[in-house]
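Asks: Need a 3D model of the sequence below.
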Amino acid sequence: MRIVAQRVSRAGVSVGAEIVGKIGLGLCILLGVGSDDTDRECLWIAEKAANLRIFEDPGGRMNRSLLDVGGEALIISQFTLYADCGKGRRPSFTGAAAPGAAKNLYESFVRRFRDMGITAQTGVFGATMSVDIINEGPVTIILDTADMPDRRGADI
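Replies: Next comes the predicted model:
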């Protein structure tokens, strides 16, 4: 799984003229699901994103997480994070999960955020969406489960 997490003062997503999700202070997360991803990767990346210390403390240092600040999350599925542009000029998306598997892991990711007590809004899986983001900082972090430590047999 890959995510692009942006610290925002507000963000929203629309399908056509309809706003389908919007948040205030928090994270706008673009989520891509890879063809080899499982629930193990989903759990790791959700925990990592919710606990990233990228919000400022009273001293102005990035020392607080989304959970610490009581922020919200706008989570949008984006298979194009798995674009392979290595050959030719047209990206290949063969590394992205099939739509059914991707939707299941996307929904699991959203549930994990909600289970942590985070208000999580979403886009519409598979739809063409317009995303409005007011990125604060700007702070943009990329997480990839390819960077996950080997946790086989360990609790995540």
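
Asks: Give me the neighbour count for Cys28.
Replies: Counted with other CB atoms under 10 Å, the neighbours of Cys28 add up to 27. Every C-beta, even on glycine, is put in place using the N, C-alpha and C of the backbone.

Asks: Report the beta-bridge partners for the residue most central in space within the chain.
Replies: For the chain, the residue nearest the mean C-alpha position is Ile29 (3.2 Å; CA atoms, centre = their mean). The partner list for Ile29 in beta bridges (DSSP bridges) reads Ala5, Ile75.

Asks: ok, and the closest non-adjacent residue to Ile45?
Replies: Met1 (4.9 Å; CB to CB, 6 or more residues apart in numbering).

Asks: The one you found is in contact with Leu105, isn't it?
Replies: Yes. When contacts are counted by CB atoms under 8 Å, Met1 is listed as touching Leu105 (7.1 Å).

Asks: Could you list the low-pLDDT ranges of this protein?
Replies: 151-156 (pLDDT under 70).

Asks: can you do 80?
Replies: 150-156 (pLDDT under 80).

Asks: could you pull out the strands for it?
Replies: 2-15, 18-23, 26-32, 55-56, 62-64, 72-77, 120-122, 130-144 (DSSP state E).

Asks: Show me what the lengthiest helix in the chain is packed against.
Replies: Ranked by residue count and defined by DSSP state H, the top helix of the chain is helix 99-115. Applying 3 or more CB pairs under 8 Å, 6 or more residues apart in numbering; DSSP states H and E, we find helix 99-115 packed against helix 39-51, strand 72-77, strand 120-122.

Asks: how far is it from where the chain is centred?
Replies: From the chain centre to the centre of helix 99-115 is a distance of 10 Å (CA atoms, centre = their mean, to the nearest Å).

Asks: I'd say Pro99 and Gly126 touch.
Replies: Yes. With contact defined as CB under 8 Å, Pro99 reaches Gly126; the gap is 6.5 Å.

Asks: returning to what we had before: compare the strands of the chain and give me the one nearest Lys48.
Replies: strand 130-144 (5.7 Å; CB to CB).
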